[in-house]
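Have a look; sequence and predicted model below, questions after that.
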Amino acid sequence: MSVLIDHKVERGRFLEIQEMTFTRWCNSALNRRGSPLIDDIFIDLESGVTLLILLEYLTGVQLKYHKTPKSNAQKLENLSIALEFMSAEGINLTAMSNEEIMGGNVKLILGLVWMLIQKYHIQAEDAKRAMLDWIQAVIPESNIKNFTTDWNNGRALSALVETCLPGSIPDWNLLDENNAVENITSAMQTAEEELSIPALLAPDDMANPEVDELSIMTYVSCFNTQLFNNLLFWLRAKVPHRSIENLTLDWNNGVNLAYLVEALAPGSWENMDDVSPDTAEENVKTGLKIAYDALGVFPRIKVEDFMNHEITELNMATYMWQFRNSKITSGYAESTAQRCIASGLGLTRGTLGEPSKFTVHAGNAGVGELHVKISNPGSEPIVPLIEDLGLGEYSVTYVPNQFIDLIISVTWAEQHVPGSPFKAVVLGPPDATRCVLSGEGIHIARPGWPAEFLVNAQTAGVGHLTANIQGANSNPNVEIEEYAEGKFRGTYIAKESGDHDLFVYWCNEPVPGSPFLVHVEESLPPSAMIKTTGGRMLQIDTVHRAGESIELDVDTQEAGDGQLAAVAIGPKGDAVPVEIIANRNRTFTLKLLTSRGGRYLVNVYFNGSHIPNSPFKVRVCNPEAIWAEGPGLMDSFVGDQGDFQVFTRDAGHGTLSVRVNGPKDKFRVDMWKGAERTVNCRYNPEVAGKYTINIKWEDEHIKGSPFTIQVRKRPDNGSDIVAR
């Protein structure tokens, strides 16, 4: 039998502070879960329910337990489930039992909560050492050596808030240390109101020299998420052409480290073209060394830890934050190439013997010189023609001389511009004889039914496909669609029976076999009796969202016996399975599960023949596949051009809208297309204040939108504003 311990007896001030801090930390998590909050941590954990809810929130794992325990036995069983789960998660539970928790053992329960904070919140075995290294990197000027007395006067906390939210407490270092409680109160209020970071302990407790260090660590660690986000924004601004989504896996192979080092210390990496995910260990070793030699970034992380897929955000962020405080050693110039924008078809494809072109905009890149190197493996490099159009605009022309992929390196002031090096595929001049046709539609068709044929022109050079069909009394329209690069689908509906001539051209030259003799027959196959009775797949004007299941209801009762089959062609030309669910009375429901944006063609067959209106066209958009990055989405100064790029390659069908609202309402945004469905955007903030950038795809915000930035007047000393 367990004995209830009276935890209300005097336990010492540091334990009371710890109790309040840990209770508020638990409640912060429970509040996000929408669960009942803890009033007394030593009583409210006794049933095990609250502890298990907390574990589910922290881990994302659903656990089975008694939701409303009606006896002590069920409560003890719940606590055992929680302890066994924690043990399986690698938490050391020596001398901890379910009876002690149910009995309200003060030190044991506080120790249990601290283990949760250390494991899931701070994410470090040696939390004190890890947090101390982290805070020393983030606010080095505060010279933090502990989590007690160094936080008493409020300056360190104010510096932390200022780092998270630049401009909120700019004069933190001038605060009167004799007004400790006032300083801490102000910093905590700003953190709670502006950053949604709850005050886990009272200001006078934080000002107390005997404050509990675990409580300070817990509260300070609540700033980590905001700091991690600030660091990510900064890193993306420094290497905007790289896709950086996190502080862990995106860095393991060392490629992003190489680009970051090169961006901050131009010319320090001898040959960026050799950097590849396949040389991960060499990338990391070289990157750590150059970062130390050129930027003074201390290699506080081992190569094997850097490459470890299980590295924590805190560990990586502690190393990466040093780059923000680094200074380029003598001999290096500040990077400007990241403000260049290269665009044009010539960056991705060219035609053998024909001029291929692209443009480079460097008007906002400062002083520098444009260099373009076009390498052709196995032969002499191609010398491009670079034409200065004025105002920082350059036109680049080159002529491919072999059927081989080209590597195009575009540098400004000896730095790669975003996206460089580019890979361009070389195609030959138009050659209709290389087109390959297939499909039932080049031989037979039925009046009023869609007929389809396919054309593979991947080796036919750069060109365009056209087609027309002629009958005795009508000329049906032929719709041409490029469903994959160099692959086309032609669809037509014959209006009358009888022989038709189908003409197919590649760059106005007939393809082999054209014109094709198409027999249009009047007889109806069983598939003609199939009816489509409902489902969102019939909503041809609707743009669906990726991840949705799109249904089609099919009735085969009048078609007799037969086999219903379906397959979809996805945006990349790949086959996408369609689930067929049998209902009653020979009716079926077809379900297409979309995973990416683009057009899907759903082919539905009965006994091998298309049913009416097949293939069904489904348009899908994926706003989550779109991202935006660039200096224009970061805090800046009045007069700086707000440049950023929106990457829509995998977004599918939809319309992009960009709106910038500033102190004087809406702002004009210039937009122009770049390579691979990239949209370049620019606005010019003319007054200081708060700006909101709304980026939507199909009227839905993309990741990170709306972006909120502060535009300030440029200070006299020219100092930088930390991006957030």
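All right, it came through fine. Residues are numbered from 1 along each chain as shown.

how about the helices of the stretch 351-500 of the chain, start to end?
Counting by DSSP state H, counting those that start in this stretch, the stretch 351-500 of the chain has no helices at all.

any weak-confidence spans in it?
363-367, 377-378, 391, 485 (pLDDT under 70).

Tell me how many other residues surround residue 241.
Counted by other CB atoms under 10 Å, the residues lying close to residue 241 total 19. Just so you know, the C-beta spots here come from the backbone N, C-alpha and C atoms, and that holds for glycine as well.

oh sorry, the question was meant for residue 72
14.

pretty sure it is touching residue 102, no?
Yes: counting by CB atoms under 8 Å, residue 72 touches residue 102, with 7.4 Å between them.

what's the span of stretch 108-122, first residue to last?
End-to-end span of stretch 108-122 (CA to CA, to the nearest Å): 20 Å.

Give me the distance from that stretch to the chain's centre.
31 Å (CA atoms, centre = their mean, to the nearest Å).

So which residues make contact with it?
For stretch 108-122, the external contacting residues (CB atoms under 8 Å, 6 or more residues apart in numbering) are 15, 18-19, 22, 25-26, 41-42, 45, 54-55, 58-59, 86, 89-93, 95-96, 100-101, 124-125, 127, 130-131, 214, 217-218, 221, 224, 314.

What's the separation between the residue of the chain most remote from its centre and residue 496?
For the chain, the residue at maximal distance from the C-alpha centroid (CA atoms, centre = their mean) is residue 472, at 55.3 Å. Using CB to CB, to the nearest Å, residue 472 is found at 7 Å from residue 496.

what does residue 454 give?
Residue 454 sits 24 Å away from residue 496, going by CB to CB.

what's the answer for residue 163, then?
76 Å.

Looking at the two, which is more packed in?
Just comparing residue 163 and residue 496: by other CB under 10 Å the higher neighbour count belongs to residue 163, 22 against 14.

phi, psi of that one?
Torsion angles at residue 163 (phi, psi; degrees, to the nearest 10) stand at phi -70, psi -40.

Hmm, residue 227 and it touching each other?
Yes: counting by CB under 8 Å, residue 227 is a contact partner of residue 163 at 6.9 Å.

shared neighbours of the two, which are they?
What both residue 163 and residue 227 touch, as defined by CB under 8 Å, 6+ apart, is the set residue 138.

Mind checking the pLDDT average for the helix or strand containing residue 23?
Assigned by DSSP states H and E, residue 23 belongs to helix 13-33. For helix 13-33, the mean per-residue pLDDT is 82.

just use 440 as the starting number from now, easier for me
Sounds good: first residue 440 from here, last item helix 452-472.

helices or strands next to that helix in the packing?
In terms of contacts (3 or more CB pairs under 8 Å, 6 or more residues apart in numbering; DSSP states H and E), helix 452-472 is packed against helix 480-483, helix 488-498, helix 545-555, helix 652-660.

Figure out which of those is closest to residue 1088.
Set against residue 1088 and scored by CB to CB, these come closest in helix 488-498, at 34.4 Å.

List the buried residues of the helix or strand just after that closest one.
Counting by DSSP H and E, the next helix or strand C-terminal to helix 488-498 is helix 511-527. Neighbour counts over helix 511-527 (16 or more other CB atoms under 10 Å) mark 513-522, 524-525 as buried.

On the C-terminal side of the helix or strand bottoming out on mean pLDDT in the chain, identify the next helix or strand.
Least confident helix or strand, the chain: strand 1104-1106 with a mean of 68, by mean pLDDT, DSSP states H and E. Next along the chain after strand 1104-1106, taking DSSP H and E as the criterion, comes strand 1109-1112.

Can you tell me what sits against that following strand?
If you take CB under 8 Å, 6+ apart as the criterion, strand 1109-1112 is touched by 782, 1095, 1097, 1118-1122.

Over to stretch 674-682?
The set of residues external to stretch 674-682 that reach it, using CB under 8 Å, 6+ apart, is 683, 689, 694-695, 698-699, 702-703, 759, 762, 774, 777, 855-859, 1066, 1068-1070, 1073, 1083-1084, 1162.

Among those residues, which ones are in helices?
694-695, 698-699, 702-703, 759, 762 (DSSP state H).

Pull up the gap between the residue nearest the centre of the chain and residue 487, please.
With distances taken as CA atoms, centre = their mean, residue 684 lies nearest the centre of the chain, 5.3 Å away. Distance, residue 684 to residue 487, by CB to CB: 37 Å.

now do residue 853
Distance of residue 853 to residue 487, computed by CB to CB: 63 Å.

Can you pick out the residue with more neighbours from those two?
residue 487 (24 against 14).

My guess is that one contacts residue 506. True?
No: contact criterion CB under 8 Å: residue 487 and residue 506 do not qualify, at 10.4 Å.

helix, strand or coil for the closest residue in space to residue 707 that isn't next to it in sequence?
Of all residues not flanking residue 707 in the chain, residue 733 sits nearest, at 4.5 Å (CB to CB, 6 or more residues apart in numbering). Recorded secondary structure, residue 733: helix (DSSP: H, G, I helix; E, B strand; the rest coil).

Residue 733 contacts residue 704, correct?
Yes: contact criterion CB under 8 Å: residue 733 and residue 704 qualify, at 3.9 Å.

Counting neighbours, go ahead and name the busier of these two.
Between residue 733 and residue 704, residue 704 has the larger neighbour count (other CB under 10 Å), namely 24 against 21.
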